[in-house]
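[1] okay, structure incoming, though there's no sequence with it:
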């Protein structure tokens, strides 16, 4: 049994507690918080090495049974290629967003609640990626969401309170629905352990499991994950919450927290529920498994998200609004290849579809975090993110402008940036489905193409209005010269006290540049990213390997002590 599996969870939890204990000292609290994030990324790297590296080798599955009670009796934590891939994204974005927070959030806000809440949110994210049972998935969701509720409300103004209220109410309703669905699944299958549930669904006669009720309950559960991911028609909380939260919190919400919903869809529907096989026709939706039934559902929701979010972004007059609606559209690009993977009865296309979704999700996490942090820096320096107040920033802040451009081009899909390969893989999955004569593949290609055109349109508009042309009067007043020469008379609207010091501006821009460098690096070294995502996709689709690793591991209980099957390794 590998104790390395629980290390990221412990590091995040210990960091959260320590930042509470050292609150009297600002410097010590920030140091502990930053070192905790560095340590988190370090243990995730060690876990990545243990599970996936060397690239191209057979990925391993590490299992930790809490209190040494074997599944399904105890609480199980599982680190396979899929969960470790998502943890790597969380660790990278989490560290950079936290470093940005130190220079952008007021000293009073950081000392009071910010750092403990931030790390408790990371605890929830980490637990969600590692948990091996569906009830604890609900628990970790709640840990993550309870922290994010307060972080969205961090500034406490009327707009922030209204956005936070909507965010809290919707997610509380979603959590209640999720708990009811989980209770129903327990009543039908007799287990909460994911691996045990997959085993029972694969042999429903032996375990007396009715598959049809599982389909209905999984549909209820899917609506909750769609809400967490901001997928249409559950996207209405996204724009207000993203605009209200501090910029680094928004970067985490868009870059990491939203991906927890995506991860839950991949893990439960491709690894667990895919084991349930049956024939069903309902309202024109057919399928031979629980997963096959959800393919058309995912496609409709993804297509609506792409179009609705894209059109909404084109019509916004503020930079944060453009980025928020863009996030709705971009999550559609993540779910669309999953819809193809769920629908097309080809192992190669299924692996490609999941790989495309993971690559796109990883790039979106980096690029969208970059863009929201860049927007926060603009608000700090200029005092506004309204397009009418901006213009000419490329001449006043060329480094920030270049980083923003790289983030936008990555989401548009320009080579050699990592976003190009994500978008290419989505197109390839749709094209391969078309070659196999899959119904709806032409519509999928058309939707992706239309969404790509909308992405070009709204980011071109944002660039032209914010960075290009002559400096507006507001920009000229706030930044009479380049930041490198620099004025200290800068408006402060994003949580700071008084004037922004030049060092804080440099720190914020440096973090945005670091994300831009990551995007370029993952594009140039895309083979490594692709190999990692491909390993994660194989892990998501290897139900038997997942079941064997969890159910035949060491621990006290029935069936314990057996050696892990191929693909296991703990």
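    Noted; the coordinates are in hand. The structure displayed is predicted, hence computed values, not measured ones.

[2] ok, residue 355 to residue 387 distance?
    Note on residue 355: its distance to residue 387, by CB to CB, to the nearest Å, is 37 Å. (Glycine included, C-beta is placed from N, CA and C.)

[3] of the two, who's got more company?
    residue 355 (26 against 19; other CB atoms under 10 Å).

[4] element containing the residue lying closest to the more buried one once chain neighbours are set aside?
    Nearest non-adjacent residue to residue 355, counting by CB to CB, 6 or more residues apart in numbering: residue 537, 4.2 Å away. Here residue 537, judged by DSSP states H and E, is contained in helix 526-541.

[5] just the buried positions in that helix, please.
    Of all the residues in helix 526-541, those buried under the rule 16 or more other CB atoms under 10 Å are 526, 529-541.

[6] need the residues you listed in TSV (columns: distance to residue 12 and pLDDT).
    Shown next, in TSV, are the buried residues of helix 526-541 (distance: CB to CB, whole Å; pLDDT from 0 to 100):
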residue	distance to residue 12	pLDDT
526	29	94
529	24	95
530	28	95
531	27	95
532	22	95
533	24	96
534	28	95
535	24	95
536	21	96
537	26	96
538	27	95
539	23	94
540	24	94
541	29	94
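
[7] from those, pick the one nearest residue 129.
    Within the buried residues of helix 526-541, distances to residue 129 taken as CB to CB reach their minimum at residue 536, with 11.2 Å.

[8] so who does the closest one touch?
    Residues in contact with residue 536, defined by CB atoms under 8 Å, 6 or more residues apart in numbering, are 81, 82, 84, 85, 86, 354, 355, 358.

[9] what about the residues you listed, which are in helices?
    81, 82, 84, 85, 86, 354, 355, 358 (DSSP state H).

[10] top of the residues you listed by neighbour count?
    residue 358 leads those on contacts (other CB under 10 Å) with 33 neighbours.

[11] lowest-confidence helix or strand of this structure?
    Within the chain, no helix or strand scores below strand 285-289, which has a mean of 58 by mean pLDDT, DSSP states H and E.

[12] mean confidence for the very next helix or strand once past it?
    Tracing the chain C-terminally past strand 285-289 and defining elements by DSSP H and E, one meets helix 290-314 next. Averaging pLDDT along helix 290-314 gives 91.

[13] who are the packing partners of helix 290-314?
    Here helix 290-314 touches helix 211-229, strand 277-282, strand 285-289, helix 319-343, helix 441-466, going by 3 or more CB pairs under 8 Å, 6 or more residues apart in numbering; DSSP states H and E.

[14] and the longest one with helix 319-343, angle?
    To tie it back to what came earlier, the one meant is helix 441-466. Taking axes from the mean of the first three to the mean of the last three CA atoms, to 10 degrees, one finds helix 441-466 and helix 319-343 inclined to each other by 160 degrees.

[15] begin at 46 from now on, thanks
    Renumbered: residue one is now 46, and that last one reads helix 486-511.

[16] quick one: helix 486-511 to helix 335-359, angle?
    Angle of helix 486-511 versus helix 335-359, following the same axes, to 10 degrees, is 30 degrees.

[17] swap in the fourth one?
    With the same axes, to 10 degrees as the criterion, the two stretches helix 364-388 and helix 335-359 enclose an angle of 160 degrees.

[18] tell me which other helices or strands helix 364-388 touches.
    helix 283-289, helix 303-310, helix 335-359, helix 392-427, helix 463-480, helix 486-511.

[19] ok, 6 Å please
    When contacts are defined as 3 or more CB pairs under 6 Å, 6 or more residues apart in numbering; DSSP states H and E, helix 364-388 packs onto helix 283-289, helix 335-359, helix 392-427, helix 463-480.

[20] which of these sits most buried?
    helix 392-427 (a mean of 26; mean count of other CB atoms under 10 Å).

[21] what separates the following helix or strand past that one from the chain centre, distance-wise?
    Following helix 392-427 in sequence order, the next helix or strand is helix 438-441 (DSSP H and E). Its chain's C-alpha centre and that of helix 438-441 lie 31 Å apart, by CA atoms, centre = their mean, to the nearest Å.

[22] the residue nearest to residue 400 and residue 247, how far apart?
    20 Å.

[23] residue 362 contacts residue 434, correct?
    No: under the criterion of CB atoms under 6 Å, residue 362 makes no contact with residue 434, lying 10.1 Å away.

[24] residues making contact with stretch 171-182?
    Under the contact criterion CB atoms under 6 Å, 6 or more residues apart in numbering, stretch 171-182 has outside partners 53-54, 57, 121-123, 128, 131-132, 185, 227, 237-239, 305, 595.

[25] among those residues, who's most crowded?
    Comparing these by number of neighbours (other CB under 10 Å), residue 53 comes first, having 31 neighbours.

[26] and that one, what element?
    helix 52-66.

[27] and the next element down the chain from that helix?
    Assigned by DSSP H and E, the successor of helix 52-66 is helix 71-96.

[28] tell me the buried residues in that next one?
    For helix 71-96, using 16+ other CB under 10 Å, the buried residues are 74-75, 77-79, 81-82, 84-86, 88-90, 92-93, 95-96.

[29] what's the pLDDT at residue 612?
    Per-residue confidence (pLDDT) for residue 612: 35.

[30] ignore what I typed, I meant residue 470.
    95.

[31] how far away is it from residue 395?
    Distance from residue 470 to residue 395, by CB to CB: 13 Å.

[32] then residue 516?
    Taken as CB to CB, the span from residue 516 to residue 395 is 51 Å.

[33] what of residue 258?
    Look at residue 258 and residue 395: by CB to CB, they are 26 Å apart.

[34] next: residue 464.
    23 Å.

[35] quick one on the thing from earlier: what is the helix or strand following the helix holding residue 582 packed up against?
    Per DSSP H and E, the first helix or strand lying C-terminal to helix 571-586 is helix 588-596. Contacts defined by 3+ CB pairs under 6 Å, 6+ apart place helix 588-596 against helix 239-247.
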